[in-house]
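[1] got a sequence here, can you build the structure:
(one chain, ligands or ions: 1)
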Amino acid sequence: MRTVDTDVLVVGAGPAGLTASALLARQRVDAITISRHPGTAHSPRAHITNQRTAEVFRDLGLEPRLRAVATPNHLMGNNVWATSLAGEEIARLKSWGTGVDRAADYAAASPCAMCNAPQHLLEPVLLEGAAENGADVRFSTELIDIAQTEDAVVARVRERTAGAEYTIRARYAIGADGGRSLVADRAGFALDGEMGLGAALNMWLEVDLSRYTAHRPGVLYWTAQPGNNYWVGSGTWICVRPWTEWVLLCMYDPTEGEPDLSEPAVVERARASIGDPDVDVRVKDVSKWQINRVVATEYRRGRIFLAGDAAHRHPPANGLGTNTSIQDSFNLAWKLGMVLRGRAGEGLLDTYDAERRPVGRAVVDRAMRSVRDMRPIPDALGFYPGQTSEDGWAALHELFSDAEGAADRRRALDEAIALQNYQFNAHGVELGQQYSSDAVVDDGTPLPEPLRDPELYHQPTTHPGAPLPHAWIQRGAQQISTLDLAGGDRFALIVGSGGGPWVAAASAIARETGIDLPVRTVDYRGEYHDVLGRWRRLREVGDDGALLVRPDRHIAWRSFDMPESPRDALRAALLQVLSRG
Ligand code: FDA
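    The predicted model follows:
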């Protein structure tokens, strides 16, 4: 059988695999990406694209293209609960940082706004980025088997069109092959959690809902029809393209039988949930998927890594599926690049598990809690399984009446809706991923105490392991973000006005280690001008201090001021991070 050699085999060309592919290609790493499907996702699937993920697109130079295919943040804001789209509106929550009380938090935290980019629109952007970087992406190529020895990963693959099989031998492999990962299975990864917690039906529809949505623009509309209460209501409308293309998502219990997927049945279900028996509905696609709650107990076994759904699966609450998958690859790709170029020791690769597995665990737990936290809504409405439609309507009418106890029920409803902030405005969950590993040099200081609820609010810090805080600064006539000073597969050293000795230290160490180490001086004047003074308030180090920022824009190390030998201090930090002890 033919054998092809490469440095990295990426199995899967979904959000995780394509991100890895684009980032590896940009580093000129020899890599092959395979997908058993003939192309990128053919249906919308996940859609919420949070600020951290948009920052990955920014790093890849793809942010404008992401914006071009996405529904913008200002049209995402209304989370609506109603008996049907045409029916009674029960509650509304300003979401995804669009409320007056949250907009400033979101704007201050990142140069990138959150947006809504369904997967079939998002993946081609990543694929274009990968192709432009020269990535070798092979569709219709299925992994049949994978095994590893001490010095290689050996995969048997089949070209599905021609039927030919060949072997790919790689130094490392990334299993980004989704929720039924063959890589995880064959390489012996164990999963902790439960599969098959529920089933979901995605119905992708063309239907003009402008008259029900344009005056309250949003990307999620929850219908809870009296007498039809399974789990989170009778159907959720997810905006694909405002306001004419949608996914109607329904949960169902497979033990009670599979849903009727025929076109008339889907159209009828959609019309009932819209509350308009005559509206034109065209069915584009119907797919079923499972709700799981699992995290791999290891993200690395030998030369094989897991990323994305292969490593963690959870309900769509909080919209973290594709986001976490893309961010996994952003963490892993630069590490592989450094090790393969001989710039870092193998130990750097262990930090992927140390940094990303806790994130995966936290994401799964948060998503599960968010699902449970939706239960108080039907409770407050007086809806329960098995209830007749008449009883459901009676409970609803009573809720909004002056009947005894109704005021308490309304308060319960308000509280139930407020609880949804942990799903739809959970800025701390979305942005606050803090790493602790050997690729971060602990400076002995405690993490700053959260000033507000850490799940709802992101608190920027330059504590080692934290994401680099964003501040707008000026470069000539151009406004840029401090995030633009770092990334691009390179480390960066950010210093202030008194940072002259750091410049000399960094160039000496760059020569010594072969590590590219640009120094960015952010000060009152100079190339990067902190005109607003915001960076000075965020940086937590003195004018003569320094921040060493990793290629994934997390803080690797910081110095509060000028040490006796900046060169020795910087060298020690960089060598530790790179596992070159
Ligand atoms: P993803 O599953 O996207 O990609 C896996 C890749 O691996 C594909 O390219 C596939 O071809 C490839 N592959 C698999 N086995 C292979 C093999 N043996 N050989 C070669 N290639 C192989 N989430 C959410 O938050 N909200 C939602 O509404 C939905 N809806 C939804 C609907 C449907 C139908 C699905 C399948 C999934 C969802 N999800 C979702 C989940 C969401 O899509 C998921 O979290 C991300 O796609 C995960 O991205 P990954 O890149 O990890 O895997």
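
[2] quick one, grab the pLDDT at the residue of the stretch 201-350 of the chain found nearest the ligand.
    Closest residue of the stretch 201-350 of the chain to the ligand, C-beta to the nearest ligand atom: residue 308 (2.1 Å). Where C-beta positions appear, they are placed from N, C-alpha and C, glycine not excepted. For residue 308, the pLDDT comes out at 98.

[3] so which strand or helix has the nearest residue to it once chain neighbours are set aside?
    Leaving out its chain neighbours, the residue that sits closest to residue 308 by C-beta to C-beta, 6 or more residues apart in numbering is residue 16, at 2.9 Å. Here residue 16 sits within helix 15-26, counting by DSSP states H and E.

[4] correct me if wrong: residue 98 contacts residue 72.
    No: using C-beta atoms under 8 Å as the test, residue 98 is too far from residue 72 to be in contact (10.4 Å).

[5] of the two, which one has the most company?
    Between residue 98 and residue 72, counted using other C-beta atoms under 10 Å, residue 98 has the larger neighbour count: 22 against 13.

[6] residues in contact with the more buried one?
    73-74, 76-77 (C-beta atoms under 8 Å, 6 or more residues apart in numbering).

[7] for residue 265, same thing?
    The contact partners of residue 265, by C-beta under 8 Å, 6+ apart, come to residue 259.

[8] now do it, the pLDDT please.
    Residue 265 is assigned 94 on the pLDDT scale.

[9] from residue 202, how far off is it?
    Here the criterion is C-beta to C-beta, to the nearest Å. By it, residue 265 lies 15 Å from residue 202.

[10] ok, residue 186 next?
    In this view, residue 186 and residue 202 are 29 Å apart by C-beta to C-beta.

[11] equivalent analysis for residue 358, please.
    30 Å.

[12] compute the first-to-last residue distance for stretch 573-581.
    Start-to-end span of stretch 573-581 (C-alpha to C-alpha, to the nearest Å) is 10 Å.

[13] for that stretch, buried residues please.
    573-580 (16 or more other C-beta atoms under 10 Å).

[14] tally of neighbours for residue 403?
    11.

[15] now the phi/psi pair for the residue nearest the centre of the chain, please.
    Nearest residue to the geometric centre of the chain (C-alpha atoms, centre = their mean): residue 323, 1.1 Å. Dihedral angles of residue 323 (phi, psi; degrees, to the nearest 10) stand at phi -60, psi -50.

[16] model confidence over the host helix or strand of residue 295, on average?
    Element membership for residue 295, per DSSP H and E: strand 282-296. Strand 282-296 shows a mean pLDDT of 95.

[17] now check that strand, is it near the ligand?
    Yes: Strand 282-296 reaches the ligand (C-beta under 6 Å from any ligand atom) through 287, 289.

[18] with just CA atoms, put that strand into CSV.
    What follows is strand 282-296, C-alpha atoms only, in CSV (Å, rounded to 0.1, in the frame of the first residue of the first chain):
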residue,chain,number,x,y,z
ARG,A,282,-39.6,25.2,2.3
VAL,A,283,-37.7,22.4,4.0
LYS,A,284,-34.0,22.5,3.1
ASP,A,285,-32.7,19.7,5.3
VAL,A,286,-33.6,17.7,8.4
SER,A,287,-31.0,16.1,10.7
LYS,A,288,-31.0,14.4,14.0
TRP,A,289,-28.3,14.7,16.6
GLN,A,290,-27.6,13.6,20.1
ILE,A,291,-27.1,15.5,23.3
ASN,A,292,-24.1,14.2,25.3
ARG,A,293,-22.2,15.2,28.3
VAL,A,294,-18.6,13.8,28.1
VAL,A,295,-15.0,14.9,28.4
ALA,A,296,-12.0,12.9,27.5
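
[19] where is the longest helix in this protein?
    Looking across the chain with DSSP state H, the single longest helix is helix 347-372.

[20] could you point out which element follows that helix?
    helix 376-381.

[21] get me the contact residues on the stretch 301-450 of the chain for the ligand.
    Neighbours of the ligand within the stretch 301-450 of the chain, by C-beta under 6 Å from any ligand atom: 308-310, 316, 319, 321-322, 325.

[22] got the contact list for the residue in the stretch 351-500 of the chain positioned nearest to the ligand?
    In the stretch 351-500 of the chain, the residue found nearest to the ligand is residue 367; the distance is 8.6 Å by C-beta to the nearest ligand atom. Shown in contact with residue 367 (C-beta under 8 Å, 6+ apart): 293, 314-318, 320.

[23] so which of these belong to helices?
    In this view, the contacts of residue 367 have no member that belongs to helices under DSSP H.

[24] mind listing the strands for the stretch 151-300 of the chain?
    In the stretch 151-300 of the chain, the segments counted as strands under DSSP state E, counting those that start in this stretch are 153-159, 165-175, 191-206, 220-223, 235-241, 245-252, 282-296, 300-301.

[25] show me what the fourth one is packed up against.
    Counting contacts by 3 or more C-beta pairs under 8 Å, 6 or more residues apart in numbering; DSSP states H and E, strand 220-223 packs against strand 78-82, strand 235-241.

[26] quick one: buried residues of the last one?
    Of the residues in strand 235-241, those with enough neighbours to count as buried (16+ other C-beta under 10 Å) are 235-240.

[27] out of the residues you listed, which is nearest to residue 270?
    Nearest to residue 270 among the buried residues of strand 235-241: residue 235, at 7.9 Å, using C-beta to C-beta.

[28] list the beta-bridge partners for that closest one.
    residue 223 (DSSP bridges).

[29] what about the residue of the stretch 101-250 of the chain at minimum distance from the ligand, neighbour count?
    The nearest approach of the stretch 101-250 of the chain to the ligand comes at residue 178, 2.7 Å away (C-beta to the nearest ligand atom). Taking other C-beta under 10 Å as the criterion, the count of residues near residue 178 is 22.

[30] before we move on, what about the one 3 residues further on?
    A count of neighbours around residue 181, defined by other C-beta under 10 Å, yields 25.

[31] what residues are up against it?
    Taking C-beta under 8 Å, 6+ apart, we find residue 181 in contact with 175, 189, 306, 309-310.

[32] most neighbours of all these, which one?
    residue 306 (34 neighbours).
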